[in-house]
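could you work out the structure for the sequence below:
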Amino acid sequence: MKLRIFVTLKPGVLDPQGRAIHKALDGLGFTGINDVRAGKLIEIDVADETTDTQIDEMCRKLLANTVIENYRVEGASPEKVVTGLSSGNATAEKIA
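Numbers count the residues shown, from 1 in each chain. Next up, the predicted model:
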């Protein structure tokens, strides 16, 4: 099963990489950019029997620093999304 894990900084956490991108876009003449936030996309192929709990544990222990980052897991089918909350717990949501 292929997973996409999106890791982003929590609101309020300074983002120097996003600021550098914003400044570079401005320097290249792009206008109308209000804010830039940089994050990570991690793609993982796991065994089909891997549980949501195991995936959440992978994110909390290694892939995201839950003190300053949030994460969202998308599976091969877009019907289920697991979102890492600030506490590191995950909830499953249906997406349309």
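
can you get me a residue count around Y71?
25 (other C-beta atoms under 10 Å). Any C-beta I mention is one placed from the backbone N, CA and C, and that applies to glycine too.

what of D15?
For D15, using other C-beta under 10 Å, the count is 16.

please apply the same query to the one 5 residues further on.
By the measure other C-beta under 10 Å, the count of residues near A20 is 12.

then N70?
N70 has 20 nearby residues by other C-beta under 10 Å.

so which bits of the host helix or strand of I42 are buried?
For I42, the host element (DSSP states H and E) is strand 39-45. Neighbour-count burial for strand 39-45 flags I42 (criterion: 16 or more other C-beta atoms under 10 Å).

chain center to it, what's the gap?
Taking C-alpha atoms, centre = their mean, to the nearest Å, one finds strand 39-45 lying 8 Å from the centre of the chain it belongs to.

packing partners of it?
strand 2-9 (3 or more C-beta pairs under 8 Å, 6 or more residues apart in numbering; DSSP states H and E).

which residues touch the strand it packs on?
15, 18, 37-46, 55, 59, 63-64, 68-76 (C-beta atoms under 8 Å, 6 or more residues apart in numbering).

spit out the contact partners of the closest residue to Q17 other than its chain neighbours.
Leaving out its chain neighbours, the residue that sits closest to Q17 by C-beta to C-beta, 6 or more residues apart in numbering is A38, at 4.1 Å. Counting by C-beta under 8 Å, 6+ apart, A38 touches L9, D15, Q17, G18, I21.

so for A38, what's the pLDDT?
Note for A38: predicted pLDDT of 97.

separation between the residue lying closest to V13 once chain neighbours are set aside and T8?
Leaving aside its sequence neighbours, V13 sits nearest to I68 (C-beta to C-beta, 6+ apart; 4.8 Å). Distance, I68 to T8, using C-beta to C-beta, to the nearest Å: 10 Å.
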